[in-house]
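1. I would like to see how this sequence folds:
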Amino acid sequence: MEELLLLALLLLPLGTAVFINLIGKYLKVNQIAQISSLGLAGAFSISLLLFFLLGLNNFESLSFNYFTWIDAMNVSVGLRWDGLTGVMALLITLLSFIIQLFSVSYMEKDERVATYFVYFNFFVFSMLLLVLSSNFLILFIGWELVGLSSYLLISFWYKKDSASSAGKKAFILNRIGDAGFLIGLMIIFNIFDSFDYDFIFSNTNLLNSNQASLIAFFLMIGAFGKSAQLPLFSWLPDAMEGPTPASALIHAATMVTAGVFMLVRVSPILTKAPNVLFLIAIIGTITAFFASFVAMTQFDIKKILAYSTIAQLGYMFLAVGSGAYVAAIFHLLTHAFFKALLFLGAGAVIHAMDHEQDIRNMGGLIKKMPTTAYTMLIGTLALSGIPPLAGFWSKDEILGSAFVAGGFYLPLWLIGLITAVMTAFYMGRYWILIFLGEERTEQASSAEEVPKLMRVPLVSLAFGSIFVGFVNTPLFHGVEKTLKEVLYNIDVIHPPTGLNFILLASISVLAGLVGLFLSNIIFIQKIKDPFKELQDFPLLPKKIRIILGNIFNEERKIFVLINSALLFVKKLSFNALYLDVYGRKVFVDGSKSLSKFVAVSIDQLLIDGLINNLANSSMYIAKKVRTLQSGYLRTYISVFGIMSILLIAFIVLSIGRF
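-> Next up is the predicted model:
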């Protein structure tokens, strides 16, 4: 029964996509939405049933081979169902269903609404194929189909140059990562002569340290491309050009989580490559810090969330690099709920604001859109790591695991803690500028709460953002029990417990509260000159306020210098350290210049010039020789006589010499 259910789970989204593609033009919007949503609801129901059966079977994995695809390589088309697959399938199908309900109202007036639902369901099928695969080759096919699906959704409004460019950018940058992934798969097949998960992970003893490191390194490149880590990050902020529900799908439940999923899947190999694991942790931590630094000064309502996604993925890579694979999947799970909530909330605001996306032009929307405001507040606090919301449990588990890993991981824990402060700061700024204060534009004044069909998904995701974190707490290790068999009993880092947990959790919560407090005093109390206002801040003792006042009055130049430095830092943050700008100049403009040089100087002038000159020389000689063919007999006899005399003279001279 599980064999057929697993196949049905995979084919339901694909079947609805094909069906809508064939007859969608004859259907109304609500009919298309009903067919599409029923397909996803059915897929979620099957996932839930299969997960329940898996639990009854003590989470022992099941693999089914449906037919042999490549005899020479012993590759079968097969599907796998285990704890990791179950968590991912439940997450993908549930969030896809909720996001699609939101899409019905959001996309109902779009002229290509049927095409949108086709792309959406094909994306869900591609991601399910990726996570359900039982071998690396099927995984790679799903991996590539996810890239194709993301291109179709990001560039959905392809008539806009920005959307078209964003789709191409995402596709190309992901191909760079995929090249590394493919090399890793080639090495795996060369060593094991197989792509099958069970065979490979049960025989990792065949790998020496160098082989494991080489495989892990190239698989890491693939993961960085798909999950937008440095230096392959810049496609994700630009991916906001697609419809907002599609952004929620990409950021929460599908594409960007594929890299984390893949690394956890190959954890038996990663464990044998500690140097690569540490590299993953370093890059993940730096990416989280960088993305949070950039998000603090952005004004696009979706781009802030995009950089937030990059940062949270960085936390997941920190967990993977620390050996805390359970924490990585746990944060992937919780992040999916509150990030989908925030993106759909942003979509609701954009819809109400007549497609305005600059948060400086909003304000006061809590009076106009209370449901959206309060559900997004839950998402904001969850992302900031405030207990008992979902983000607190998973982010704290990651930071705690990095701390427990000790040694060189301790600086990464500290950077992660600073990143948590920045995360809470920019999310506090985000929510305050959108919902509090007075309306700053006419669109904000005329905004209204979104339809019920858009509010229900927000409330559902807010509920998940509150309670989903309780599936893996120090008192109930639900995710850990689910993944135990998947990790092949390898040694993993466990988060602290007891007093250590309380202490580290308190530090983590304090980091979030500090960030929210700073956003409060800057954006609510509107402190324009923090050095000047600090002397009157009521929490400081009177003597300190007097000293600060004297310093301020006597050392104004210091403030000016500091202010200039802050403006410079702000500029760096707003422009993402100019990495994208210079990356475009070096790689895009540079490759265009190189191509132009090769096309003009080498191809046209050198190669074509040489060939053309040879041809012209032949033509020139032919023209000169052609004059000898006059057609007059006397000319031919004269030439023949002269040549005969020269020939006789040559023969005589040659005989005389010998």
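2. which parts of the strand or helix carrying residue 105 are buried?
-> According to DSSP states H and E, residue 105 maps onto helix 83-106. For helix 83-106, the neighbour count (16 or more other Cβ atoms under 10 Å) marks 83-106 as buried. (Glycine included, C-beta is placed from N, CA and C.)
3. Tell me the secondary structure at residue 65.
-> strand (DSSP: H, G, I helix; E, B strand; the rest coil).
4. list the contacts for it?
-> 76-78, 134 (Cβ atoms under 8 Å, 6 or more residues apart in numbering).
5. Mind doing that once more with 6 Å?
-> By Cβ atoms under 6 Å, 6 or more residues apart in numbering, the residues touching residue 65 are 76, 78.
6. so what pLDDT did it get?
-> As predicted, residue 65 sits at a pLDDT of 87.
7. One more: residue 540?
-> 51.
8. what does residue 202 give?
-> Reading off the model, residue 202 has pLDDT 89.
9. same check, this time on residue 519
-> What the model reports as pLDDT for residue 519 is 90.
10. can you confirm it is in a strand?
-> No - read with three-state DSSP, residue 519 is helix and lies in no strand.
11. Leaving out sequence neighbours, find the closest residue to residue 162.
-> residue 241 (5.3 Å; Cβ to Cβ, 6 or more residues apart in numbering).
12. Do a quick rundown of the strands in this structure.
-> 62-70, 75-81, 472-473, 476-477 (DSSP state E).
13. Tell me which strands the longest one pairs with, and in which orientation.
-> Right, strand 62-70. Partner strands and pairing direction for strand 62-70 (DSSP bridges) are strand 75-81 (antiparallel).
14. Not counting the strand it pairs with itself, show me its contacts.
-> 6, 50, 62-69, 132, 134, 137, 195.
15. ditto for stretch 234-242
-> Contacts for stretch 234-242 (Cβ under 6 Å, 6+ apart): 153-154, 156, 162-163, 166, 169-170, 173, 228, 247, 302-303, 306, 310, 580.
16. Equivalent analysis for stretch 257-275, please.
-> Residues contacting stretch 257-275 (Cβ under 6 Å, 6+ apart): 88, 130, 146, 201, 204, 207, 212-213, 215-216, 219, 223, 226-227, 277, 316, 320, 325, 328-329, 332, 487-488, 490.
17. Burial check on residue 159, number of neighbours?
-> 7 (other Cβ atoms under 10 Å).
18. and if you look at residue 439?
-> Count around residue 439 with other Cβ under 10 Å applied: 17.
19. Kindly report the same for residue 409.
-> For residue 409, the neighbour count with other Cβ under 10 Å is 23.
20. cool, and residue 303?
-> 18.
21. What does the pLDDT read for the residue nearest to it when sequence neighbours are not counted?
-> Counting by Cβ to Cβ, 6+ apart, residue 237 is the residue found nearest to residue 303 once chain neighbours are left out, at 5.2 Å. Per-residue pLDDT puts residue 237 at 90.
22. repeat for residue 546
-> 63.
23. Residue 627 too?
-> For residue 627, the predicted pLDDT is 69.
24. can you check residue 554 too?
-> The predicted local confidence for residue 554 is 53.
25. now residue 559
-> pLDDT, residue 559: 60.
26. repeat for the one 3 residues further on
-> Taken from the predicted model, the pLDDT recorded for residue 562 is 68.
27. likewise residue 526?
-> 56.
28. Same list (the strands of the chain) but as CSV, adding distance to residue 141.
-> As requested, these are exported to CSV (distance: least, Cβ to Cβ, whole Å):
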stretch, distance to residue 141
strand 62-70, 10
strand 75-81, 10
strand 472-473, 31
strand 476-477, 34
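29. that older thread, in helices, which of the contacts of stretch 257-275 fall?
-> Of the contacts of stretch 257-275, the ones assigned to helices by DSSP state H are 88, 130, 146, 201, 212-213, 215-216, 219, 223, 226, 277, 316, 320, 325, 328-329, 332.
30. and the gap between the closest residue to residue 373 other than its chain neighbours and residue 456?
-> Of all residues not flanking residue 373 in the chain, residue 366 sits nearest, at 4.1 Å (Cβ to Cβ, 6+ apart). Applying Cβ to Cβ, to the nearest Å, the value for residue 366 to residue 456 is 20 Å.
31. got the residue ranges for the helices in the stretch 251-400 of the chain?
-> In the stretch 251-400 of the chain, the helices defined using DSSP state H, counting those that start in this stretch lie at 258-265, 267-270, 274-295, 301-321, 325-352, 365-368, 370-383, 390-405.
32. Now do the fifth one: which elements does it pack against?
-> Contacts of helix 325-352 with other secondary structure elements, assessed using 3 or more Cβ pairs under 6 Å, 6 or more residues apart in numbering; DSSP states H and E, are made with helix 83-106, helix 244-248, helix 258-265, helix 301-321, helix 370-383, helix 390-405, helix 452-467, helix 478-483.
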